[in-house]
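Student: I need the structure of the sequence given here:
(one chain, ligands or ions: 1)
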Amino acid sequence: MQLPCGFLGSHLCERLLAEGHRVFCLDNFQTGRMENISHLVMHRNFRLLKHDITEPLEVKADEIYNLACPASPAYYQANPIQTLKTSVYGAINLLDLAVRRKAKILQASTSEVYGDPEQHPQSETYWGNVNPDGVRACYDEGKRCAETAFFDYQRRYGVEIKVARIFNTYGPRMDPDDGRVVSNFIVQALQQQPLTVYGDGNQTRSFCFARDTIEGLTAMMSSPHTVAGPLNLGDPHEVTVLHLARRILLLTHSESGIKFDPLPQDDPVRRQPDIARARALLGWQPTTSLNVGLKATIAYFRKELEENRLAARRRKSAFADATAYPGKQAIQVAQAPRTTAVRKSSPTQGQRFTYE
Ligand code: UDP
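Tutor: Okay, the predicted model is just below:
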């Protein structure tokens, strides 16, 4: 199994280990955070590999989850070419691996494939409205192309694929610095700073609690092979960004105000998943209300702030600076299995990295 140790990936690792699976966690640590999985590294069924999936790889796996790629607009736009490569080359490398290993493979796709949707709510039959040249396109089109690769590998090689379109997800272990609306608002509220609402705040999103999303992903992986998707995984409860800001102010008992900043380019106006398919095929639907999920997330950030760990997290790569983050390198060495680059031909590139 392969999955990264970002916010959602870490919850997924935890869940799969609890179910008794052996987990190989792959991450290039561009945005993945060591803190998210530090409690797992000593688990006997857990292996952590520092690998960039834009490079081909070989590793034993019977189920592959592809959650690789920064999902926050600020992060994925910071290095758009890398975002595109991670989505497209990464998907192809993992699909090649799935072919060789006869593994099931799940793609964490996104509601961004619908772009700025003209259909509301968004159902899987809608083809979307994406600006192919805009600043969000590296992510949106990259993820769309990845979906194309998944369905072509299914048709061409008979790979058992699962394509899940994940809508906005939030919860404990979100990166406080990645610029997402939920983490921004909570941190701002707890620090008594004004909440930065972009535009007039009337744009909508539908926020799903991480535990519910993970439930959906694992349910999809265990679904019959006929269930390939795409399937929307999200919470259908739609709220405006302004409503979210006010709700967070209320739940944090914060005295912060609200300030209005310019709306980023191509920011979708409305987003709400139609989850009828996931309900019918997986028997899945979110069960955590926004209030309950926000309270748990606020408690997480409150603790983080109290422990004064936010400052230590202002960095992009967990392994980039071993001096600043002693112990991380040690964990990598202690946990990383034998890693060899072998020269073998692969369907996409000449070199493949092999892990055991
Ligand atoms: N947003 C906001 N203030 C912030 C961060 C985001 O008003 O500090 C808005 C953003 O413009 C968008 C919505 O909140 O309309 C969700 O943004 P996020 O980056 O969390 O997710 P995405 O745009 O990818 O759905």
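
Student: Convert stretch 233-245 to PDB, retaining C-alpha atoms only.
Tutor: Extracted C-alpha coordinates of stretch 233-245, given in PDB (Å, rounded to 0.1, in the frame of the first residue of the first chain):
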ATOM      1  CA  LEU A 233     -16.900  11.900  -1.600                       C
ATOM      2  CA  GLY A 234     -17.900  14.900   0.300                       C
ATOM      3  CA  ASP A 235     -20.400  16.400   2.600                       C
ATOM      4  CA  PRO A 236     -23.500  17.700   0.800                       C
ATOM      5  CA  HIS A 237     -24.100  20.400   3.500                       C
ATOM      6  CA  GLU A 238     -23.300  23.600   1.600                       C
ATOM      7  CA  VAL A 239     -22.300  26.800   3.500                       C
ATOM      8  CA  THR A 240     -21.000  30.200   2.500                       C
ATOM      9  CA  VAL A 241     -17.400  31.200   3.500                       C
ATOM     10  CA  LEU A 242     -18.900  34.000   5.500                       C
ATOM     11  CA  HIS A 243     -21.100  31.600   7.400                       C
ATOM     12  CA  LEU A 244     -18.100  29.400   8.100                       C
ATOM     13  CA  ALA A 245     -16.200  32.500   9.400                       C
END
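
Student: how much distance is there from that stretch to the middle of the chain?
Tutor: Mean-position distance between stretch 233-245 and its chain equals 18 Å (C-alpha atoms, centre = their mean, to the nearest Å).

Student: Give the buried residues for it.
Tutor: Within stretch 233-245, the residues scored as buried using 16 or more other C-beta atoms under 10 Å are 233-236, 238-242, 244-245. C-beta here means a position set from N, CA and C on the backbone, and glycine is covered the same way.

Student: Those residues of the chain touching the ligand, which are they?
Tutor: Applying the criterion C-beta under 6 Å from any ligand atom, the portion of the chain that neighbours the ligand consists of 72-73, 168, 179-181, 184, 196-198, 203, 205, 241, 263-264, 267.

Student: Pull the number of nearby residues for whichever residue of the stretch 251-356 of the chain sits closest to the ligand.
Tutor: Each residue of the stretch 251-356 of the chain has a distance to the ligand, by C-beta to the nearest ligand atom, and the smallest belongs to residue 267, at 4.6 Å. Number of residues near residue 267 (other C-beta atoms under 10 Å) recorded here: 14.

Student: Residue 109 is in what secondary structure piece?
Tutor: With elements taken from DSSP states H and E, the one containing residue 109 is strand 104-110.

Student: So which elements touch that strand?
Tutor: Here strand 104-110 is seen to pack against strand 63-66, helix 80-101, helix 137-157, strand 161-166, helix 210-221 when contacts are counted using 3 or more C-beta pairs under 8 Å, 6 or more residues apart in numbering; DSSP states H and E.

Student: Include mean neighbour count when you put those into JSON lines, please.
Tutor: Written out in JSON lines, the entries for the helices and strands packed on strand 104-110 read as follows (neighbours: other C-beta atoms under 10 Å):
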{"stretch": "strand 63-66", "mean neighbour count": "26"}
{"stretch": "helix 80-101", "mean neighbour count": "21"}
{"stretch": "helix 137-157", "mean neighbour count": "20"}
{"stretch": "strand 161-166", "mean neighbour count": "25"}
{"stretch": "helix 210-221", "mean neighbour count": "22"}
